[in-house]
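Q: what follows is a predicted structure for the sequence shown.
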Amino acid sequence: MADYFISYTAADARWAEWIAWVLEGKKKCTTLLQAWDFVPGSNFVLEMQRAASSTSRTIAVLSPDYLRSAYAKPEWAAAFAQDPEGMKRKLGPVMVRDCTPDGLLKAIVHINLVNLTEEEAENALFTGLLGTRQKPGTAPAFPGIQIHDGKATVPFPGNAGKTESRPLGRPSIPRLKGTISDLLNSQTFLQRRSQQKCLLTAKRKPAARFGWGKHFLLTRYVITRATIITAMPSMKPLV
């Protein structure tokens with residue numbers, strides 16, 4: 001009995017042969033796949049039946065083509081039927097191209113080789129198939145408060161490096177949207193006197209049913225322009 005039956009489509013034949021080669025060459029496993037074991041003159045359907053029933057486990061080489069294949073479905077389904085709870089790990093999906101498994105196949109944890117180097121792919125394949133605990137070799141960074149140069153900092157674990165540049169002393173004002181146009185598109189009047197005063201009105205959109213958002217608009221204008229604002233809730237724009 002072979003250790004692994006490798007189920008794949010013609011579009012992923014190179015991946016299937018690579019997987020079989022490294023398993024046999026580096027882990028001394030035995031494999032069965034169409035390219036190497038289905039000899040001319042044999043019955044394809046019967047060979048698939050023999051492969052699915054006479055091997056310990058099935059490797060499904062996942063890709064968009066595999067998910068669309070009518071022949072691939074019964075191959076992985078046969079392994080699933082023998083171990084629906086996954087306790088024996090009869091079915092081992094290995095993703096080689098980005099795709100989204102659905103239905104029953106979605107519930108089976110897969111090995112992802114997409115965009116990995118050959119060495120990384122080998123390690124991922126062996127670790128996944130052999131069920132090795134994936135504990136890292138180095139200690140993870142402490143996610144809590146860290147002290148650097150006597151100052152406590154709390155590192156943000158997501159979107160590292162993406163920071164918003166904002167002048168000191170100015171609070172963050174949410175971007176206007178919905179019922180009020182942007183400041184540059186609003187009708188503004190600036191009267192240059194002893195004190196700079198700005199008479200600003202906002203035109204209500206036809207579909208608006210609630211507030212105009214004048215307070216947000218004026219607050220943002222004050223912060224960005226440092227002017228004195230006079231607001232008038234006029235329905236007609238001043239010209």
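A: Nice, I can see it. Numbering: from 1, shown residues only.
Q: please, where are all the strands along this protein?
A: 2-7, 31-32, 55-62, 91-95, 111-112, 146-148, 151-153, 187-191, 197-201, 228-231 (DSSP state E).
Q: report all helices and strands that the third one contacts.
A: Pointing back at strand 55-62 there. strand 2-7, helix 13-26, helix 72-82, strand 91-95 (3 or more Cβ pairs under 8 Å, 6 or more residues apart in numbering; DSSP states H and E). Where C-beta positions appear, they are placed from N, C-alpha and C, glycine not excepted.
Q: tabulate these (CSV), appending distance to residue 129.
A: What follows is the helices and strands packed on strand 55-62, written out as CSV (distance: least, Cβ to Cβ, whole Å):
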stretch, distance to residue 129
strand 2-7, 8
helix 13-26, 8
helix 72-82, 13
strand 91-95, 6
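Q: CSV for those, including mean pLDDT?
A: Output for the helices and strands packed on strand 55-62, formatted as CSV (pLDDT from 0 to 100):
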stretch, mean pLDDT
strand 2-7, 94
helix 13-26, 95
helix 72-82, 93
strand 91-95, 96
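Q: for residue 54, which of those is the nearest?
A: The closest of those to residue 54 is strand 2-7. By Cβ to Cβ, the value is 6.8 Å.
Q: so where's this protein uncertain?
A: Applying pLDDT under 70 to the chain flags residues 148-239.
Q: domains in the protein, by residue range?
A: Taking automatic domain parsing as the domain assignment, the ranges for the chain are 2-130, 183-231.
Q: which of the ones you listed sits most buried?
A: Among these, domain 2-130 has the highest mean neighbour count (mean count of other Cβ atoms under 10 Å), at a mean of 16.
Q: that one: end-to-end distance?
A: This stretch, domain 2-130, spans 15 Å end to end (Cα to Cα, to the nearest Å).
Q: what of stretch 75-89?
A: End-to-end distance for stretch 75-89, by Cα to Cα: 15 Å.
Q: then stretch 78-88?
A: 14 Å.
Q: what's in contact with it?
A: Stretch 78-88 is contacted from outside by 5, 52-53, 57-58, 60, 89-91, 104-105, 107-108, using Cβ atoms under 8 Å, 6 or more residues apart in numbering.
Q: same check, this time on stretch 6-17
A: Identification of contacts with stretch 6-17 by Cβ under 8 Å, 6+ apart yields 19-20, 31-36, 58-61, 63, 65-66, 69, 71-72, 75-76, 96-97, 113.
Q: and for stretch 23-39?
A: Taking Cβ under 8 Å, 6+ apart as the rule, stretch 23-39 contacts 2-6, 8, 13, 16-17, 19-20, 44, 47, 51, 54-55, 122, 125-126, 129-130.
Q: one more pass at 10 Å, please.
A: With contacts defined as Cβ atoms under 10 Å, 6 or more residues apart in numbering, stretch 23-39 is touched by 1-10, 13-14, 16-17, 19-22, 44, 46-48, 50-52, 54-59, 61, 122, 125-126, 129-130.
Q: correct me if wrong: residue 52 contacts residue 60.
A: No: Residue 52 is beyond contact range of residue 60, at 11.3 Å (criterion: Cβ atoms under 10 Å).
Q: what is in contact with the two at once?
A: Common contacts of residue 52 and residue 60 (Cβ under 10 Å, 6+ apart): 5, 7, 75-77, 79.
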